[in-house]
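Visitor: compute the structure for the input listed below.
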Amino acid sequence: MTSADLIAAKDNLAGHTLCLSKDGVLIFGDTRGIAPLLELIASGKDVSGYSAADKVVGKAAAALFIKCGVKQLYAAVLSKGGAELLERHGVEYVYGTLTDAIINRAGTDACPMEKAVRNIEEIEDMYVAIVREHARINKL
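Guide: Next comes the predicted model:
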């Protein structure tokens, strides 16, 4: 299951928040939260078939990885909701820690992105909700 691309993504994650790998090509993200995935999608870059490594993946991030066409994922921390979504969409994954939920940065409640997609099942609908919540939080 663990491909050379997934190993490369995981091994190169240090110092970054996101690393994608395919055939020796590495793409990095350095902004916090789901911002690197949103930036990647907005750029229009085709990363389908890539393997990815990320520090924290909940249902919202999992939806974005699925939208990008990522085939394999390593998550240092993965939520059960994120794992279920990845499984449903055929994305292979490995993780360091499996958790019930992703918590906000203050540690006081669920992550706002997780709350935004909590009752949504379609990837495109989740994407719209994530973009809307990200814009609201960052007052974009």
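Visitor: tell me the pLDDT of residue 61.
Guide: Looking at residue 61, its pLDDT reads 97.
Visitor: in this structure, which residue is closest to the centre?
Guide: With distances taken as Cα atoms, centre = their mean, the chain has residue 61 as the residue nearest its mean C-alpha position (3.2 Å).
Visitor: what backbone torsions are found at it?
Guide: In terms of degrees, to the nearest 10, the main-chain angles of residue 61 are phi -60, psi -40.
Visitor: isn't it up against residue 34?
Guide: Yes: with the criterion set as Cβ atoms under 8 Å, residue 61 and residue 34 qualify as a contacting pair; they are 5.5 Å apart. Bear in mind the C-beta positions are built from the backbone N, C-alpha and C, glycine included.
Visitor: now for those two: what residues contact both?
Guide: Counting by Cβ atoms under 8 Å, 6 or more residues apart in numbering, the shared contacts of residue 61 and residue 34 are residue 113.
Visitor: what about residue 131, neighbour count?
Guide: Taking other Cβ atoms under 10 Å as the criterion, the count of residues near residue 131 is 17.
Visitor: in the lengthiest helix in the chain, which residues are buried?
Guide: In the chain, assigned by DSSP state H, the helix with the most residues is helix 123-138. Of the residues in helix 123-138, those with enough neighbours to count as buried (16 or more other Cβ atoms under 10 Å) are 123, 126, 127, 129, 130, 131, 133, 134.
Visitor: skipping adjacent residues, who's closest to residue 36 in space?
Guide: Residue nearest to residue 36 in three dimensions, not counting chain neighbours: residue 29, with 2.5 Å by Cβ to Cβ, 6 or more residues apart in numbering.
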